[in-house]
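Colleague: all I have is the shape, not the residue letters:
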């Protein structure tokens, strides 16, 4: 679990830096790069639960019910945490 916490901290730092570089990948793209362990372009339930805070429910973030958190859903999640994201 400690490695997942380090990964999340690294991703948050990357998000902060991304706001300074207009050529940087989107914040959600950077976060997917860190958390998407099989690199299929979305977070599976297992990937999500591996890095989520205790009590966080996957179904609350899988808006369309397709059993994965995709780029768009991850963006919505990030906007709930930080409404000031680079566009």
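Modeller: Cool, got the structure. Here the structure is a predicted model, which means the values were calculated and not measured.
Colleague: so where is this protein shaky, pLDDT-wise?
Modeller: Scanning the chain for pLDDT under 70 picks out the ranges 1-22, 82-87.
Colleague: residue boundaries of the strands in it?
Modeller: 43-44, 68-69 (DSSP state E).
Colleague: now the ones you listed in CSV, with mean neighbour count and distance to residue 25?
Modeller: Backbone N, C-alpha and C define where each C-beta goes, glycine included. Shown next, in CSV, are the strands of the chain (neighbours: other C-beta atoms under 10 Å; distance: least, C-beta to C-beta, whole Å):
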stretch, mean neighbour count, distance to residue 25
strand 43-44, 22, 16
strand 68-69, 22, 17
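Colleague: select, out of those strands, the one closest to residue 61.
Modeller: strand 68-69 (5.1 Å; C-beta to C-beta).
Colleague: adjacent strands (with direction) for that closest one?
Modeller: Paired neighbours of strand 68-69 in the sheet (DSSP bridges): strand 43-44 (antiparallel).
Colleague: skipping adjacent residues, who's closest to residue 68 in space?
Modeller: residue 42 (4.2 Å; C-beta to C-beta, 6 or more residues apart in numbering).
Colleague: touching, that neighbour and residue 70? I think so.
Modeller: Yes: Residue 42 is within contact range of residue 70, at 4.5 Å (criterion: C-beta atoms under 8 Å).
Colleague: looking at the two, which one has more neighbours?
Modeller: residue 42 (19 against 16; other C-beta atoms under 10 Å).
Colleague: how close does the more buried one get to residue 55?
Modeller: Residue 42 sits 22 Å away from residue 55, going by C-beta to C-beta, to the nearest Å.
Colleague: got it, and residue 63?
Modeller: Taking C-beta to C-beta, one finds residue 63 at 19 Å from residue 55.
Colleague: show me which of these two is the more surrounded one.
Modeller: residue 63 (13 against 5).
Colleague: pretty sure that one sits against residue 75.
Modeller: No: if you go by C-beta under 8 Å, residue 63 and residue 75 don't touch, sitting 10.9 Å apart.
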